[in-house]
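K.L.:
what's the 3D shape of this:
(one chain, ligands or ions: 2)
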Amino acid sequence: MTHPASLIIAVDGPAASGKGTIARALAHRYGLPHLDTGKLYRATGLSVRLSGGAPEDADFAAAAARGLDPALLDDPDLMSSENAQAASIVSAHPGVRAALLAVQRAFAAQPGGAVLDGRDIGTVIAPHAPAKLFVTATPLCRAQRRHAELARSGDPRNLATVLADIEARDARDSGRSTAPLVRAGDAALLDTTELGIDAAVQRAIALVESAIAAGGQQQV
Ligand SMILES: Nc1ncnc2c1ncn2[C@@H]1O[C@H](COP(=O)(O)OP(=O)(O)O)[C@@H](O)[C@H]1O
Ligand SMILES: Nc1ccn([C@@H]2O[C@H](COP(=O)(O)OP(=O)(O)O)[C@@H](O)[C@H]2O)c(=O)n1
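P.N.:
Ligands and ions are numbered 1, 2, ... in the order given. Next up, the predicted model:
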């Protein structure tokens, strides 16, 4: 199939649903740059923690987001469980989201297009993206995946703790008033609970191809 000259693919979903895995595979498939937007919120949470601030402090967190040091994106603590909770708390502050908006919109608007994954790509960052996926899986399935991933990195948390962490984050991400985690009305739903990685990626490609066939060019 011929593809539009510029293609933006928005991939949203809850923690450990497989959205990052799918977004990376789509970026490879279509030769597009990829942005894991969760890392921006994780870096903001980490910055607040390293400065001794509280993630609940909206002004402190917004200042951290405005002055983000790109080196934090490579910090070993970025992907830790503690930092995931901090990211979820700082991400609910409107000032944090406002500070991180421009860089994400600019990434989406680059010539040729891009793949972005997060919570609000299809609703806020790139609402006119022609291809949108909402990736999900049951909480237990997501906890099992994240538990295995954390165990590989040496994190000793048990499955029940990982599940509780994921449910707390889901509730916070879905319940916040600014840019909550919600499926865009025009996003295709992709439940990966019963799908392995290869099957999930193939399904994602099929959904993107359908969206391209139905849509065409787009603006951010
Ligand atoms: N369909 C799948 N089946 C099994 N494991 C998966 C699947 N998709 C992703 N994973 C694994 O689950 C973990 C979380 O996936 P990831 O893509 O990082 O999720 P997210 O970006 O939604 O947090 C990773 O270890 C990844 O390899
Ligand atoms: N576009 C985004 C991406 C992440 N986030 C927040 O950042 C946290 C970490 O995101 P992440 O994508 O790295 O988390 P995982 O899904 O990989 O566990 C999430 O729990 C959200 O609170 C957000 O609010 N908006």
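
K.L.:
going forward, measure contacts between C-alpha atoms and count neighbours the same way
P.N.:
Noted.

K.L.:
Would you mind naming what in this structure lies close to ligand 2?
P.N.:
Contact residues, the chain versus ligand 2 (CA under 6 Å from any ligand atom): 14-16, 37-39, 41-42, 84, 87-88, 91, 118-120, 169, 173.

K.L.:
rerun that using 5 Å as the cut-off
P.N.:
Residues of the chain found near ligand 2 (CA under 5 Å from any ligand atom) are 15, 16, 37, 38, 41, 87, 88, 91, 118, 119, 120.

K.L.:
May I see the buried residues of stretch 161-176?
P.N.:
Residues of stretch 161-176 classed as buried by neighbour count (16 or more other CA atoms under 10 Å): 162, 163, 165, 166, 167, 169, 170, 172, 173, 174.

K.L.:
so how far is it off the chain centroid?
P.N.:
On the basis of CA atoms, centre = their mean, to the nearest Å, stretch 161-176 sits 14 Å off its chain's mean C-alpha point.

K.L.:
repeat for stretch 22-29
P.N.:
14 Å.

K.L.:
ok, which pair from the residues of the chain next to ligand 2 is furthest apart?
P.N.:
Greatest spatial distance among the residues of the chain next to ligand 2 (CA to CA): 16 and 91, at 17.2 Å.

K.L.:
So which of those two has more stuff around it?
P.N.:
residue 91 (31 against 22; other CA atoms under 10 Å).

K.L.:
wait, what's in contact with the more buried one?
P.N.:
Residues in contact with residue 91 (CA atoms under 8 Å, 6 or more residues apart in numbering) are 41, 97.
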